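> build me a structure from this.
(4 chains)
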Protein chains: 2
Amino acid sequence: MKKTYSIKEVADYFQLPISTIRYYDKKGLLPFVSKNAAGYRVFSKSDFGFIKTICCLKDTGMPIRDIRTYINLCMQGTTSIQQRGELLQQHKTNVLKQQQVLHDNLKEITTKIQRYASDDSVNIIKSQIKFVKNEKKVLNLEDPFK
Amino acid sequence: MKKTYSIKEVADYFQLPISTIRYYDKKGLLPFVSKNAAGYRVFSKSDFGFIKTICCLKDTGMPIRDIRTYINLCMQGTTSIQQRGELLQQHKTNVLKQQQVLHDNLKEITTKIQRYASDDSVNIIKSQIKFVKNEKKVLNLEDPFK
DNA sequence: TTAAACCCTAAACTATGGTTCATAGCAAAC
DNA sequence: GTTTGCTATGAACCATAGTTTAGGGTTTAA
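Sure, this is the predicted structure:
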């Protein structure tokens, strides 16, 4: 039964470059990681939980410095529970906003795709181009179409 | 009835800094924008539609160079309809992936928030800390909690 | 006709999130 | 015992997406 993990094993597990893990460590995101006598980072299984959380926050757009704040709160024990909750709650509203933006934009993209895929796409686009050309002409502006 | 728009009006409408619009122009995202005798950018109403699309693609994480590619396809008229559709279809799968990731991570964040907000949060965290401390001790690693 | 409020460009600068390189120590296998 | 592969550090480097600055022209309204 294996008990500790090298930086490479962690990198493989999380599909992260080793250089990124070192970078995160340098930025103070991994205060829970020990080093052995040779200076090698030694990871334990519980470190994986922290790193999973780091990835979760990173993948939802939290800046490195805020992740560091959160991790440091975690290292302070039970006294920081309320602060941690507030920090994550704030982040959650950001994520919800991202979801909304993504949803709305996806709708727009889908609409365009459908238009391009329609039987009548050429005529639709032609009439759009005609409209733009006419507007530009009326305003005495350059025609952007080649 | 107003017919043309200054860079400031466009910036206000899209809530973008003027410098960003100039930057996009420099990067080739705004080939449809004309300039007057004084060298000022002159926007027409139809330009707003293009810029809205640019914002949509940007807000869903498309890199500037790909947005430029798309806009350039648009400027080529009806011959590029298929390519435009393919480009957007590819992007749509990216957006769907982003949605999935966001959804999964949101769930994780929500779980943590609930844990922190629970009546029993202190005991839950205490037992987590105990587990980590014990694991580190068994492995002869440093205790990360202060 | 002049001040305030615009607009322009080029180039330097910033921030973020890494990656690469040079140099070197450690470890496992052969 | 030496080669191969892993690890380390610090510093330089890179990409992306802008922002700021310097220097200068234009427009508008009093």
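> so which residue is dead centre in chain A?
What sits nearest the mean C-alpha location of chain A, by C-alpha atoms, centre = their mean, is residue A:59, with 3.2 Å.
> against residue B:60, how distant is residue A:93?
Relative to residue B:60, residue A:93 is positioned 20 Å away (C-beta to C-beta, to the nearest Å). Placement of C-beta: from N, CA and C, glycine included.
> no wait, residue A:128
Where residue B:60 is concerned, residue A:128 sits at a distance of 22 Å (C-beta to C-beta).
> so where's chain A uncertain?
Applying pLDDT under 70 to chain A flags the ranges A:1-2.
> just the helices in it please.
For chain A, helices defined by DSSP state H occupy the ranges A:7-14, A:18-26, A:45-59, A:64-75, A:81-117, A:121-138.
> ok, which of the ones you listed comes nearest DNA strand D?
Minimum separation from DNA strand D across those (C-beta to the nearest atom of the strand) falls at helix A:7-14, 3.3 Å.
> what's the local residue count around residue A:62?
Per other C-beta atoms under 10 Å in any protein chain shown, the neighbour tally for residue A:62 reads 23.
> residues of chain A that sit close to DNA strand C?
Within reach of DNA strand C by C-beta under 7 Å from any atom of the strand, chain A has these residues: A:17, A:19-20, A:22-24, A:36-39, A:58, A:63-65.
> turn these into JSON lines, including neighbour count.
Formatted as JSON lines, these follow (neighbours: other C-beta atoms under 10 Å in any protein chain shown):
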{"residue": "A:17", "neighbour count": "10"}
{"residue": "A:19", "neighbour count": "10"}
{"residue": "A:20", "neighbour count": "12"}
{"residue": "A:22", "neighbour count": "14"}
{"residue": "A:23", "neighbour count": "13"}
{"residue": "A:24", "neighbour count": "21"}
{"residue": "A:36", "neighbour count": "11"}
{"residue": "A:37", "neighbour count": "5"}
{"residue": "A:38", "neighbour count": "6"}
{"residue": "A:39", "neighbour count": "6"}
{"residue": "A:58", "neighbour count": "17"}
{"residue": "A:63", "neighbour count": "10"}
{"residue": "A:64", "neighbour count": "15"}
{"residue": "A:65", "neighbour count": "10"}
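> residue B:108: which of the helices of chain A is closest?
Closest approach to residue B:108 among these (C-beta to C-beta): helix A:45-59, 5.0 Å.
> quick one: contacts for residue A:35?
By C-beta atoms under 8 Å, 6 or more residues apart in numbering or on different chains, the residues touching residue A:35 are A:41-42.
> my bad, residue A:142
Contact analysis of residue A:142 by C-beta under 8 Å, 6+ apart lists A:136, B:34.
> how close does it sit to residue B:27?
Separation of residue A:142 from residue B:27 (C-beta to C-beta) stands at 19 Å.
> and stretch A:107-124, does that touch chain B?
Yes. Counting by C-beta under 8 Å from any C-beta of the partner chain, chain B has neighbours in stretch A:107-124: A:108-110, A:112-113, A:116-117, A:121-122.
> about what we covered before: pick the one among the residues of chain A next to DNA strand C closest to residue B:137.
Nearest member of those to residue B:137, counting by C-beta to C-beta, is residue A:36, at 15.7 Å.
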